[in-house]
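>>> This is a predicted model, with the sequence first.
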Amino acid sequence: MDIVNIEITTPLPDETAVGRTYEIEGVATLTGEIGSPPFLYAEINRKEWYKPEQIEETTYERGFAIPIGGKFSIKWQPKKAGHYEVTVVATPAPLSLPVIGVPPIVGRSDTMSVTAVEELSKYTDLRIVSYGVV
Amino acid sequence: MEVAGLAVPPQQIVVRPGNTIKVRSTFHYEGPPMTGRFRTALYYSGGIDPHDEIAFGHLSFSIPDSPEPGVDVSTAPSDISVVVPAGYAGTQFGLYTKLVDVPGADIFSPFYDNVIVIEGIEPAFSNLVIASYVVM
C-alpha cells in the first residue's frame, strides 16, 4: 500500500518534442498524516518493443515539492524520439542518480504515456527589409 | 552609424566603389533551439550564373526555444555590411540573403534584381599648370 498519495494536476501532453522542456505538476500527500516529506522523482521508461522490461532505459528526474500543501513540479526534457511511460514516484530518501537496482518506492502516480518526436525547424518570410549606404 | 537614404525593395540606390552597404534582413522562425548565419550577397545577373556574387557579408544568430507562434529574427541593429568592390562602375547589381549553417538546406530570400547601381567615377583632372619653362 502506498504511504504517499500522488495526484497529477498538470500531466505531460500525449505528444512532446525532443529538446523541449515540459513540466509535470501535482500534489503529494502522506496518507498517515505524519511523517517526513517524501522525495519525488519522475520515473521515465523509454519503451522499445524489442527490449524486455528489465533492460528498458529508465531515468529519474528529481522533483521539487513545497513542504506545506505538498505541491510539486518536475521538469523533463526528452532527449530521444520514441515512446515513454512516465510515473511520478515517492521515495523515503534521495536517490543517488543514476539509480542502481530497484529504489524503495512509497508512492506512485498514474502512468502517463508520452510520445516524443523530432521537431522540425520552420522558417518563413526570409526577406530583405531595407538597405542603405553608411 | 547612421544609414543615409534607407531604401526598401525594389528601390534602387546609387553607390560608389568602396562604399559600405548596410542590409537588414528578417525571417520568422518556429522550432527547436538553433544557430546559423545570415549571408547577404551582391550579385550580377547578366552572365551564365544568374546570381554571380561579387561581394558578401554575414552575421551569426542564435535562437532559443521558439514554440508557437514562433519568433521574428532580424539582423538589427548591427545589420550586414557589404563593401562595394572596385571594377564594376556603371553596373547594376542585385541583393539577396540566405540562411546558412542551419539544419537542412540553405534558406533563400527573394532575389532583388538591380537594386544597387554602382556609379561610374569620371576621371577628374585638376590643377593643370605650366610648372616651368626655359630657353634652350
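Sure thing, it's come through.
>>> Direction included, what does the helix or strand harbouring A:R127 pair against?
Take DSSP states H and E as the rule and A:R127 turns out to sit in strand A:122-133. Applying DSSP bridges to the sheet, strand A:122-133 is found paired with strand B:4-7 (antiparallel), strand B:20-31 (antiparallel).
>>> how about B:Q11, phi and psi?
phi -70, psi 140 (degrees, to the nearest 10).
>>> Please give me every residue in contact with it.
B:V115 (C-beta atoms under 8 Å, 6 or more residues apart in numbering or on different chains). Yep, even glycine has a C-beta here, placed from its N, CA and C like the rest.
>>> How much space separates it from B:E122?
Distance, B:Q11 to B:E122, by C-beta to C-beta, to the nearest Å: 25 Å.
>>> Also B:R39?
Following C-beta to C-beta, the distance that separates B:R39 from B:E122 is 34 Å.
>>> Compare those two and say which is more crowded by neighbours.
It is B:R39, of B:R39 and B:E122, that has more neighbours when counted by other C-beta atoms under 10 Å in any protein chain shown, with 19 against 7.
>>> where do the strands sit along the chain?
Reading this off chain A. With strands called from DSSP state E, chain A shows them at A:4-10, A:15-17, A:22-30, A:39-47, A:57-62, A:64-65, A:71-76, A:82-91, A:107-108, A:112-117, A:122-133.
>>> ah, I was thinking of chain B
Under DSSP E, chain B gives strands at B:4-7, B:13-15, B:20-31, B:34-44, B:52-63, B:66-74, B:80-83, B:92-100, B:107-108, B:112-118.
>>> Direction included, what does the fourth one pair up with?
Sheet pairing for strand B:34-44, assigned by DSSP bridges, gives strand B:52-63 (antiparallel), strand B:92-100 (antiparallel).
>>> residues in contact with the longest one?
Yep, that's strand B:52-63 we're talking about. B:23, B:29, B:33-45, B:71, B:73, B:75, B:78-85, B:88, B:93, B:100.
>>> Drop anything exposed from the residues you listed.
B:23, B:29, B:34, B:36, B:38-44, B:73, B:75, B:79-82, B:84, B:88, B:93 (16 or more other C-beta atoms under 10 Å in any protein chain shown).
>>> now B:A131: how far from chain A?
Distance of B:A131 to chain A, given as C-beta to the nearest C-beta, to the nearest Å: 38 Å.
>>> can you pull the pLDDT of that residue?
We have a pLDDT of 92 for B:A131.
>>> Likewise for B:A86?
For B:A86, the model assigns a pLDDT of 88.
>>> got it, and A:V102?
So, for A:V102, pLDDT stands at 68.
>>> And for A:D2?
If you check A:D2, the pLDDT there is 74.
>>> how about the nearest residue to it, chain neighbours excluded?
Spatial nearest neighbour of A:D2, chain neighbours left out: A:G107 (4.5 Å); criterion: C-beta to C-beta, 6 or more residues apart in numbering or on different chains.
>>> Counting neighbours, what do you get for the one you found?
21.
>>> And for the one 4 residues further on?
Close neighbours of A:T111, defined as other C-beta under 10 Å, add up to 14.
>>> Leaving out chain neighbours, which residue sits closest to it?
Spatially, and ignoring its direct neighbours in sequence, A:T111 is nearest to A:T87 (4.6 Å; C-beta to C-beta, 6+ apart).
>>> go on, A:R62?
Excluding the flanking residues, the one nearest A:R62 by C-beta to C-beta, 6+ apart is A:Y41, at 5.8 Å.
>>> what is that neighbour paired to in the beta sheet?
A:R62, A:V89.
>>> Ok, A:R46 next?
For A:R46, the beta-bridge partners under DSSP bridges are A:E57, A:Y84.
>>> Pretty sure it sits against A:A81.
No. Checked against C-beta atoms under 8 Å, the pair A:R46 and A:A81 is beyond contact range at 9.9 Å.
>>> Much appreciated, bye for now.
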